[in-house]
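> what follows is a protein structure lacking sequence information:
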């Protein structure tokens, strides 16, 4: 698909010379190469430093919008026909590594469930469900218990309803160029040593995306191009919905109330508020392990299907050990993208959950931990029980 075709498809989403220039930079980024297409369906993974990016923090909304530009040229296959040839890397880890992962799970509250019954007083129950933002048919199937809770609910709550509205996402993405691009003289090259930049350039060039073409993009945008399973992107190109999008569409199709906990712009601002240096370090770490990312993707899905969201980050620390939770800027990252958003979700979701009959679906990594949604709801007086 040509750049002109991409720009033509979404020219109504931006206005004014500055916004159009910014829009065209991002469209060039999206349409220039196949690797960015592969970045679309799993733009939730920055690196091991990025706790909860995989299944919790929704970089996906930006990626989904860009995918609508890339994929309009045609659908070569049905989404259900697309399969991945990747190994579960848990099977390749040493017994000692598996023990460490299990120990980390055991120390994390609410690490081993995706569906929770939520009650307050004598009202009917509501349900809290952890999603993974992918279109893999195994994930979309959901468990029978989760599917039943969804079908019986009168109110469906997801992270943001903007995922169903490309125009809103366009406004969020292109309305403020500083969220996605360097607006001054700074460029991506300024964040790396000459040696690291050369290595990153080699990796990106192998994927058909010369860094010179995205020199003004902020590193959180570029990280996506190294983090994706190719078959997941093919599913999106074929029209498949990720799980959260599928749940929202189900609500609309069946006349159920659909509510979002936050806006897409809120999420993009949260990402953009974290240090570029941290995202640059994450990008570099992903470049060093680029050949492992398909396996990591498959392993995350496997752990999710086992109902083990609390094992995902310990697994990554074993497979991608080059980053640590005490990395510079990590505390700020965690505060902006995890803890603050968990509080926002708990505050917004509590009234609907308390009434009963609600099904609240958020990224699975928002559930575990002392500051996860399960514990936050318990502290608000809810009885929360794994199902």
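Cool, got the structure. For clarity, every value in this text was computed on a predicted model and none was experimentally measured.

> so how far is residue 126 from the closest residue in space to residue 119 that isn't next to it in sequence?
The shortest distance from residue 119 to any residue other than its chain neighbours is 4.6 Å, reached at residue 383 (CB to CB, 6 or more residues apart in numbering). Where you see a C-beta, it was placed from the backbone N, CA and C, and this is true even at glycine. Going from residue 383 to residue 126 by CB to CB, to the nearest Å gives 11 Å.

> returning to that earlier point: give me phi/psi at the residue nearest to residue 119?
phi -90, psi 120 (degrees, to the nearest 10).

> and it, how many neighbours?
Applying other CB atoms under 10 Å, we find 13 other residues in the vicinity of residue 383.

> could we number from 40 for the rest of this?
Understood, numbering begins at 40; the last thing we discussed is residue 422.

> now do the helices in the stretch 240-389 of the chain.
258-262, 269-276, 282-292, 303-311, 315-327, 332-344, 351-358, 369-373, 379-394 (DSSP state H, counting those that start in this stretch).

> quick one: which of those is nearest residue 224?
helix 315-327 (14.1 Å; CB to CB).

> point out where the stretch 40-189 of the chain drops to low pLDDT.
Residues of the stretch 40-189 of the chain that meet the criterion pLDDT under 70 lie in 40-122.

> if we can go back for a sec, what would the helices of the stretch 240-389 of the chain look like in CSV with distance to residue 170, mean pLDDT and mean neighbour count?
CSV is the format used below for the helices of the stretch 240-389 of the chain (distance: least, CB to CB, whole Å; pLDDT from 0 to 100; neighbours: other CB atoms under 10 Å):
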stretch, distance to residue 170, mean pLDDT, mean neighbour count
helix 258-262, 21, 80, 25
helix 269-276, 15, 75, 23
helix 282-292, 5, 95, 19
helix 303-311, 14, 79, 20
helix 315-327, 22, 82, 22
helix 332-344, 9, 88, 22
helix 351-358, 13, 85, 22
helix 369-373, 20, 58, 18
helix 379-394, 13, 94, 18
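
> what's the closest of those helices to residue 181?
Here helix 282-292 is closest among those (CB to CB), at 7.7 Å.

> mutual contacts of residue 422 and residue 165, please.
Counting by CB atoms under 8 Å, 6 or more residues apart in numbering, the residues touching both residue 422 and residue 165 are 157, 158.

> from residue 339, how far off is the residue nearest to residue 169 when sequence neighbours are not counted?
Excluding the flanking residues, the one nearest residue 169 by CB to CB, 6+ apart is residue 403, at 3.1 Å. Distance, residue 403 to residue 339, by CB to CB: 10 Å.

> same deal with residue 222?
Applying CB to CB, the value for residue 222 to residue 339 is 34 Å.

> please apply the same query to residue 176.
For residue 176, the distance to residue 339 - CB to CB - is 16 Å.

> just the strands from the chain, written as ranges.
Here the chain has its strands, by DSSP state E, at 154-158, 165-170, 194-197, 296-299, 397-402, 422-425.

> I'd like the average pLDDT over the fifth one.
Regarding strand 397-402, the rounded mean pLDDT is 96.

> residue 301 is in contact with residue 380, correct?
Yes. With contact defined as CB atoms under 8 Å, residue 380 reaches residue 301; the gap is 7.2 Å.

> if we can go back for a sec, and of the helices of the stretch 240-389 of the chain, who's closest to residue 206?
Short answer: helix 303-311, nearest of these by CB to CB, at 11.0 Å.

> so what does that closest one touch, helix or strand wise?
helix 99-109, helix 205-213, helix 379-394 (3 or more CB pairs under 8 Å, 6 or more residues apart in numbering; DSSP states H and E).

> okay, buried residues for the shortest one please.
The neighbour-count check on helix 205-213 (16 or more other CB atoms under 10 Å) flags 205, 207, 208, 209, 210, 211, 212, 213 as buried.

> and the fifth one, how far is that from residue 204?
Residue 210 is 9 Å from residue 204, where distance means CB to CB.

> the residue nearest to residue 169 contacts residue 152, correct?
No. Using CB under 8 Å, residue 403 is not in contact with residue 152; the gap is 9.6 Å.

> where do the contact lists of the two overlap?
With CB under 8 Å, 6+ apart as the test, residue 403 and residue 152 both reach residue 169.

> the two: who's more crowded?
Legend: neighbour count by other CB under 10 Å for residue 403 and residue 152, higher for residue 403 (28 against 20).

> contacts only, for residue 179.
Taking CB under 8 Å, 6+ apart, one finds 279, 280, 282, 285 in contact with residue 179.

> determine which two of those residues are furthest apart.
The farthest-apart pair in the contacts of residue 179, when distances are taken by CB to CB, is 279 and 282, at 10.1 Å.

> what touches both of these two?
Common neighbours of residue 279 and residue 282 (CB under 8 Å, 6+ apart) are 174, 179.
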